[in-house]
Every structure is written in structure tokens, then in C-alpha cells.
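Participant: I need the structure of the sequence given here:
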Amino acid sequence: PTSQVLTSGTSATYTTPANVKWIRVRMVGGGAGGGGTNGTNANAPGSSGGTTTFGTWTANGGTGAVSGGAGGTGGTNGTGTLLIRQTGNQGTQFAGGAGVLVGVSGAPGPWGGAGAGGYTGSGSNAAANSGAGGGGGSGASGGWNAGGGAAGEYVEFIIANPSATYTYTIGTAGGG
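Facilitator: Model prediction:
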């Protein structure tokens with residue numbers, strides 16, 4: 001057995017090592033960015049995460065929203081055997097009220113990594129290459145805080161008798 005971790009690339013080429021009998025791929029779409037505030041109220045959605053591809057397989061990114069977007073879903077199966085396809089976790093809803101100064105955490109990806117909600121400011125980014133959502137920004141006292149970003153879709157599959165090369169793209173994380 002051998003393994004490779006691909007963490008970046010757009011229309012990049014994966015070259016199958018010599019004598020490989022099958023490939024097991026685990027991939028996740030990009031997590032969405034957390035929502036933002038105008039200092040008082042939640043008013044700006046985070047952007048959606050990008051789609052991750054390997055050959056003809058896709059895993060969609062999480063959806064950006066002011067108040068917790070939908071997790072990535074609806075990717076396509078390609079040549080090979082599907083082992084698991086899991087919808088990304090939904091972004092967390094915003095919270096608010098007098099004295100609430102903390103934004104909401106992002107949704108965890110399949111390997112954790114959610115961004116923390118901001119404390120009187122912006123939320124933090126999700127962990128790199130986790131597919132998790134970013135944290136939402138906080139509003140001023142008495143305002144509404146922004147929701148956390150949604151996680152990307154996860155898919156795992158096996159390709160028996162693999163081709164010599166495959167084109168792949170790593171889905172980008174959404175911005176806050």
C-alpha cells in the first residue's frame with residue numbers, strides 16, 4: 001500500500017504509481033465562510049465552498065448564508081464503487097439578543113476543524129483542508145450575530161484497475 005494527500009490544485013494531474021491495482025479516494029468539498037455583521041446585525045453571507053473533483057467524481061462545497069447555509073450535497077458519482085457519500089453539516093444558525101457578543105462556530109467537516117465564532121469581531125477560519133465551515137462574526141451588544149459556515153460534502157470510493165492519470169481539483173474554502 002501507498003498513500004498520497006492532495007491538498008491543492010486546479011485541473012491538476014494525479015499520476016497513478018506503477019503496479020497499482022486499485023485506488024481508494026476520500027475527498028471533501030470546500031467549507032463555506034461564516035457570515036458577517038455590520039457591527040450591529042448579521043447582514044452578509046459567507047461565500048460558498050468550491051467543488052472538489054477526482055476524475056468524474058465530485059464533492060460539492062458548503063453553501064454560504066447569513067444564517068447557517070446548507071451543507072454540501074448533490075455531487076456526482078463517477079467510474080468506480082461508491083463506499084459513502086455524506087451531506088456536509090449545515091452551518092449553525094445565528095444568535096442574538098442583548099449582551100450577546102460572540103459569533104457562531106462553523107460546521108465541522110469529516111475531520112473536525114470548524115472555525116470559532118468571533119468575539120466582538122470576525123470569526124476564525126476553519127482548519128485548512130478540513131471541509132469545515134468558518135466561524136460567524138459577532139454583532140454589537142443587542143445585535144444579531146452571524147451564522148457559521150456550512151461544511152462540504154464528503155465522498156469515499158474505490159477505483160479498480162485505475163487509469164494512468166486523473167485530473168483533480170481541490171475545492172477552495174469560502175470567504176467570510
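
Participant: for the protein, which spans come out with low pLDDT?
Facilitator: Residue ranges of the chain with pLDDT under 70: 39-42, 94-101, 140-143.

Participant: Tell me which stretches of the protein form strands.
Facilitator: Along the chain, counting by DSSP state E, strands occupy 12-15, 22-28, 36-37, 42-44, 52-54, 57-59, 81-86, 154-160, 165-169.

Participant: out of those strands, nearest to residue 66?
Facilitator: Smallest distance to residue 66 across the strands of the chain (Cβ to Cβ): 4.9 Å, for strand 42-44. (Each C-beta comes from the backbone N, C-alpha and C, glycine too.)

Participant: circling back: how about the strands of the chain in TSV, adding mean neighbour count and distance to residue 74?
Facilitator: What follows is those, written out as TSV (neighbours: other Cβ atoms under 10 Å; distance: least, Cβ to Cβ, whole Å):
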stretch	mean neighbour count	distance to residue 74
strand 12-15	13	23
strand 22-28	19	14
strand 36-37	24	26
strand 42-44	19	25
strand 52-54	24	13
strand 57-59	25	9
strand 81-86	13	10
strand 154-160	19	11
strand 165-169	16	17
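
Participant: out of the ones you listed, which comes closest to residue 109?
Facilitator: Nearest to residue 109 among these is strand 22-28 (5.8 Å), distances taken as Cβ to Cβ.

Participant: This completes my enquiry, with thanks.
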